[in-house]
Structures are given as C-alpha cells and as structure tokens.
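*Asks:* Need the 3D shape of this:
(2 chains)
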Amino acid sequence: MIAAIDVVRHVWRRDRTIQFKNKIGLVAAIVTPVAWLAVMGSLPIHMEGMRYLDYVAPAIVVMSVLFPCLQGGLLTASDRQLGHLKKAFATPAPRYLMAIGKTLAASTKAFAQFGAVLLTAVLLGVRFSGGLTGFLLIFVYTMFIALGLSALSVSIAFMVGDMHAFGSTMSLISLPLFMGSSALMPIDKMPSWLASFAKVNPLTYIIGATRDIMLWGNTSSAVWGICLASVFLAAAMTLCAYLFERDYN
Amino acid sequence: MPSDGLAVQVTSLTRRFNDLVAVDSVSFDIAAGEIFGLLGPNGAGKTTTVLMLTSLLRPTSGEAFVAGMDVVRRPKEVRRKISYVPQGMAVDYALTGRDNLDYYASLFRIRGREKVARIDQVVELLGLESVVDQRVQFFSGGMRRRLELAQAVLTKPTVLFLDEPTLGLDVAARRRLWELIGNMTSDGIACLLTTHYMEEAEALCNRVAFISQGKIVRCGAPSDLVAEIGGEAIQIDLCRPLLSDSVMRDIAQIADVSVEGLQLTLVASGGRRALPRIVAILHSHGVEVESISIKRPRLEDVYLECVDDVECVDDGSQELVSASEGAEIRRMARRSMG
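*Replies:* The predicted structure is shown next:
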C-alpha cells in the first residue's frame, strides 16, 4: 500500500515539477479565470432575477477546472511522443498507478485556478447560500469533476500521442462545450439551435448543479451531482488505467 | 525452458502488424556480460524486437526469455531485471540530473538511504559529479546520454537495452560512451544495443546480428563475419601499362588478379603477407610501381552485402524521433505548457 502510494506520489511530483517549472505560465493560468469573473460579473444586466455576477460566477468556477483539466493531458502526449513512457512502462511500477499519478498532476493546475476563482468570488460578494456545508459540497463536487476530466484528458492524450494534435483537439472540444451550455445564459433565452445543443451538453447539468448548490444551498442537488461525478470519475479513471495497461505500441 | 547462463534467449520470435510481418521468426541468444548488437536499416524490425524483449509489446508467436523469465508470462519479473534506454531523449529536461535519477529509482521501489547511496555511486561511475544538480536542459548531448546510462545501471539490471545509444554525439563523446558501456558489461551485465554506426558495433559488440525485413540474415562475431566475406584486397597502381602477359601469369599463381588500366587488384589467400612476393615478381619483370594500398573489408561491407537496400516504412514504433527533433519538440512543449 505504502509502496503504491509512493509510485503515485513520485509520478505526480515529476509531472507537477515539469508543468509548473515556468512561473509565468502559472500566474497566467490563475489570472485568466479571475479576469473572466471580474469582466463578465461587471456587466450591468440581470438574469433570472439576479445580478449577472451571481448568475455567471458558478459557471466561471466550473470553467476554472474545465479548461485546465482538459489541457492537463498535454504532458502525457509529449511523454508518449518523446519516449518517456516507453522507458517508464518497462519498469516494474504498475502502470495503473502511473495513470493515477498523471491524472492528479493534470488536475493540479485546475485546483490553483479553482481556489483563486472561489476566493475572488467571495471578495466580489457573490451570493453563497449554502454556508460552510455548501462550500464543502462545491469543493468535493468540483474535485470529482476535475479528476474525471483530467483522467479523460490523459486518456485522450495517450491515444493521440502527439502534442500538437492533442492541443488542437482539446481546444476544439472545450470552447464549444462551454459556450454551448447554460454557462452564460439560461437555455430559454438561447436561439433554438443552440438550446437543443445545450440540452444534451453534460456541462449544462454540471453548471446547473453548481448553481443549485452555490446560489440556493440545494443539498439534494449536491448529493446527486457528487454521485454522478464519482461514476464519471470511476469510468474515466478505468479507461485511463486500461489504456496504460494495454500493449504498448 | 531457458538455458542457464543465458541473459536473453529468443526462439522464432515473430510479430505481425496486420499484413506486415515486422519481426519474422527471429532467434538468438545473449550470454551474461556479452554485448550483442542488432544492426540493420530503419524499419528492419530492430525496435520491434526490443519492444517485445522489454515486455512492452506482445509477440504474435515464438518465445523469449529475459533474465531466465518468459516475457509474455512473467512481464512484471522481467521488468525488475532490465533497464531500457529508448531512442531519442527520454530524460526530463525540466528536472535536475539528480531528480531524474531519483524518479527512476522510485519506479523500481528503491528508497531511502539505499537510493541515495546508489545515486552517488552511478554519478561517480559515469562522471556526472559536476553537472548532476543542474537542470538537464543545460547538459551537453554526451552528458544527457551518460545520465540515461546512469539511470539504467542504477537499478542493477541483468540485461540492458540500448536503442541507438550514441545517436547525434560528437566523436569524443561517442568514444567516451563506448568506454563506459564496455565497463558496465565487464561487471556481468548483458547488453543488447541497436545502432546504425558500424564502427560502434565493431568497437563494442562481442557479437552482432544483421536484421533485414524482419529476418536475421547474418549473426556472429564482427571479426568472423568480416573474415567470411573474404580477405584483404591489395591495390597496385602502375606507372606504365603492362606490356607482357608473363607478369600476370606469375602473379596469378599466388593471388586472384584483375587489371583495369593502370590498376591491379589482387586478392591473395595470405592477405598482406603475399605482398613482398608480389613486389618481387613485379621487380623481376622490371615493372615500375607508383603506389600500393591495402583495402581491408569492414563490418560495413558485410552490411552492404547482406542487408537488402530497401527503404522500409515503419518500425512498429511511433517514436522514431531523432535527437535534434526531440530537442525541438521539447522547446515547443516548454513554450506551450507554460
């Protein structure tokens, strides 16, 4: 058990060190969602009977984990491309533990962004109904989503195996996913073509649950959300471990 | 069953990718302490063979034992006994040399004081003391390769797999690396290396196998293989054309001879030892000689003779990245990863 944790820890640390070597990148990553929140939140409009800041804040919280987690597999793509994984896979360390370590590292940046956004939201006076419990639920819920997205991203990166192809694939997925959801406006205000996409977009429901917890302190929404998110995480993690354990070629 | 004393034993190993037979019924073995070279053009099946022996790829058929264990049935145990240094650059540029060593040791579950001691030992063995605490991005190409070797021996493997160990290095760095690889195997580590450099195979390998289109076409000690393709050729340039046939008749009694303009080419069974007698014959006929040179066949000539001149497409590996390409990709990665 200790030995297993040791492998996860070392893989996580290696990936983290490489990802965070460049401090400018880290600062930029934190500033981006904070700037989104500040700019979008200052729009003088009301949505569903509340300030736009309150409406959009839960969406920006989700965005702060969505984007970095989906990009989080980049290092795995380069590790595959440059032969690092070939070497690592020829060692006795179990590959599913490497998958876990890489997933943790892929979501680490997201947690920095998530923390910064949540803090900014509090400072800007965004509505928080759930109190400390709500806060905790949001944290757990978002953590599960983040880890699930990271595992998915690492899996895709491993399959694509090319950094540039991976980067463009993920940009292609993430922005439409965000824009085509209830992040910036409610579904009933959307043009019908967008609304029909938003209705099948899982992000709409992720953001919906985040709003329910943050703005209304809705615990049952949170419990449901955490259950679904953990199923998603389990599925994505299994996929990732399965890909790593397969024949390497 | 594996025989005792053999570090690697391969029997009829085959790997197909759909219609392509990348490795076609290959058999060879490597003794402990032996350096075995796998030579051949790109796409001949070298890397695919290495991937199977390192348990990364399952063979379609055939058997392979590494360190006495079946690579298909007991891959986990095989991985404990091997170190694999793939092509390209698989060390982490953003980490220090020591962190790279530490990370690799951790994957083998080497911990605590044991880890520190072994790292110090390999750093000294490979002469990395002055750079080991710097980031690898500041290492020279030769130092990076030495770091990879340090990683590889840190885990005390039974078999070491080196894929193109000196690709892209300058002459001095290459020679230093040869020396270091030679030292390692004197401790009993068996080594399988792939290379495109024939002089490297001649300098390092106890035995080599030429692989072409998935098949081993020639296998043996470099000197034996060279001897097989024939002795030395003697080339004599004359000042004037030969006027009589009697010279040729006399020489033909001790060597095969052909003439082309002012140049005689002789292949004698005694090689260069026939030279004084040939010179004496020429002298007695009053033939004036401009120059004499001896051409020794080399491993390169064996290669050219037995390996088909076919450009193959795929080695079954996606990571055929040259060292310079690797560096370029790393640079781009640093920029985009932030």
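
*Asks:* Show me which residues of chain A are close to chain B?
*Replies:* A:3, A:6-7, A:10, A:13-14, A:17-19, A:21-22, A:24-26, A:28-29, A:74-75, A:78, A:80-84, A:86-93, A:161, A:163, A:167, A:247-249 (Cβ under 8 Å from any Cβ of the partner chain). (Glycine included, C-beta is placed from N, CA and C.)

*Asks:* and those, which are buried?
*Replies:* Neighbour-count burial (16 or more other Cβ atoms under 10 Å in any protein chain shown) is assigned, among the residues of chain A next to chain B, to A:6-7, A:10, A:13-14, A:17-19, A:21, A:25-26, A:29, A:74-75, A:78, A:80-84, A:86-93, A:161, A:163, A:167, A:248.

*Asks:* Can you show me the helices along chain A?
*Replies:* Along chain A, the stretches classed as helices by DSSP state H are A:2-19, A:23-41, A:52-71, A:74-82, A:84-89, A:95-123, A:131-160, A:163-179, A:192-200, A:202-216, A:219-245.

*Asks:* can these go into TSV with extra columns for distance to B:Glu34 and mean pLDDT?
*Replies:* As requested, the helices of chain A are exported to TSV (distance: least, Cβ to Cβ, whole Å; pLDDT from 0 to 100):
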stretch	distance to B:Glu34	mean pLDDT
helix A:2-19	32	91
helix A:23-41	48	88
helix A:52-71	47	92
helix A:74-82	30	93
helix A:84-89	23	93
helix A:95-123	30	92
helix A:131-160	36	92
helix A:163-179	39	91
helix A:192-200	62	93
helix A:202-216	57	90
helix A:219-245	33	93
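
*Asks:* now the ones you listed as CSV including distance to B:Val259?
*Replies:* As requested, the helices of chain A are exported to CSV (distance: least, Cβ to Cβ, whole Å):
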stretch, distance to B:Val259
helix A:2-19, 66
helix A:23-41, 72
helix A:52-71, 72
helix A:74-82, 56
helix A:84-89, 55
helix A:95-123, 66
helix A:131-160, 63
helix A:163-179, 60
helix A:192-200, 85
helix A:202-216, 84
helix A:219-245, 66
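
*Asks:* For B:Ile189, find the nearest of those helices.
*Replies:* helix A:84-89 (17.2 Å; Cβ to Cβ).

*Asks:* Against which helices or strands is that closest one packed?
*Replies:* helix A:74-82, helix A:95-123, strand B:82-85 (3 or more Cβ pairs under 8 Å, 6 or more residues apart in numbering or on different chains; DSSP states H and E).

*Asks:* Contacts for stretch B:67-80 next, please.
*Replies:* Here stretch B:67-80 makes contact (Cβ atoms under 8 Å, 6 or more residues apart in numbering or on different chains) with A:90-92, B:2, B:6-7, B:52-55, B:58-59, B:63-66, B:81-82, B:108, B:158-159.

*Asks:* which ones are touching residue 177?
*Replies:* Answering for chain A, as no chain was given. Contacts for A:Leu177 (Cβ under 8 Å, 6+ apart) come out as A:Leu66, A:Asn201, A:Leu203.

*Asks:* not quite, I wanted chain B
*Replies:* Here B:Leu177 is in contact with B:Gly142, B:Arg145, B:Arg146, B:Leu149, B:Pro165, B:Thr166, B:Leu169 (Cβ under 8 Å, 6+ apart).

*Asks:* Identify the farthest-apart pair in those.
*Replies:* B:Leu149 and B:Leu169, at 12.3 Å, using Cβ to Cβ across the contacts of B:Leu177.

*Asks:* which of those two has more neighbours?
*Replies:* B:Leu149 (23 against 19; other Cβ atoms under 10 Å in any protein chain shown).

*Asks:* which SSE is that one in?
*Replies:* Assigned by DSSP states H and E, B:Leu149 falls within helix B:141-154.

*Asks:* just checking, what packs against that helix?
*Replies:* Helix B:141-154 packs on strand B:82-85, helix B:97-107, helix B:112-125, strand B:159-163, helix B:171-185, going by 3+ Cβ pairs under 8 Å, 6+ apart.

*Asks:* try 7 Å
*Replies:* strand B:82-85, helix B:97-107, helix B:112-125, helix B:171-185 (3 or more Cβ pairs under 7 Å, 6 or more residues apart in numbering or on different chains; DSSP states H and E).

*Asks:* Pick the most deeply packed of the ones you listed.
*Replies:* strand B:82-85 (a mean of 26; mean count of other Cβ atoms under 10 Å in any protein chain shown).

*Asks:* Provide the strand pairings for it, with the direction of each partner.
*Replies:* strand B:159-163 (parallel) (DSSP bridges).

*Asks:* can you give me the mean pLDDT across the partner strand?
*Replies:* The average of the pLDDT scores along strand B:159-163 is 94.

*Asks:* got the angle between it and helix B:171-185?
*Replies:* 160 degrees (axes from the mean of the first three to the mean of the last three Cα atoms, to 10 degrees).

*Asks:* buried ones in strand B:159-163?
*Replies:* Buried-residue list, strand B:159-163, by 16+ other Cβ under 10 Å: B:Val159, B:Leu160, B:Phe161, B:Leu162, B:Asp163.

*Asks:* In CSV, list the residues you listed along with distance to B:Gly127.
*Replies:* Putting the buried residues of strand B:159-163 into CSV (distance: Cβ to Cβ, whole Å) gives the following:
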residue, distance to B:Gly127
B:Val159, 24
B:Leu160, 18
B:Phe161, 22
B:Leu162, 18
B:Asp163, 22
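
*Asks:* Looking at those, which is nearest B:Ser25?
*Replies:* Using Cβ to Cβ, the buried residues of strand B:159-163 come closest to B:Ser25 at B:Phe161, 20.8 Å.

*Asks:* what's the distance between that closest one and B:Thr47?
*Replies:* 10 Å (Cβ to Cβ, to the nearest Å).

*Asks:* And for A:Val160?
*Replies:* 21 Å.

*Asks:* Those two: which has the busier surroundings?
*Replies:* Applying other Cβ under 10 Å to A:Val160 and B:Thr47 shows that B:Thr47 carries more neighbours, namely 26 against 20.

*Asks:* my guess is that one meets B:Glu164, correct?
*Replies:* No. The criterion here is Cβ atoms under 7 Å, and B:Thr47 misses it with B:Glu164 at 9.2 Å.

*Asks:* shared neighbours of the two, which are they?
*Replies:* B:Thr194 (Cβ atoms under 7 Å, 6 or more residues apart in numbering or on different chains).

*Asks:* Now A:His84: closest residue in space, sequence neighbours ignored.
*Replies:* Ranked by Cβ to Cβ, 6 or more residues apart in numbering or on different chains and with sequence neighbours excluded, the top spatial neighbour of A:His84 is B:Ala90, at 4.9 Å.
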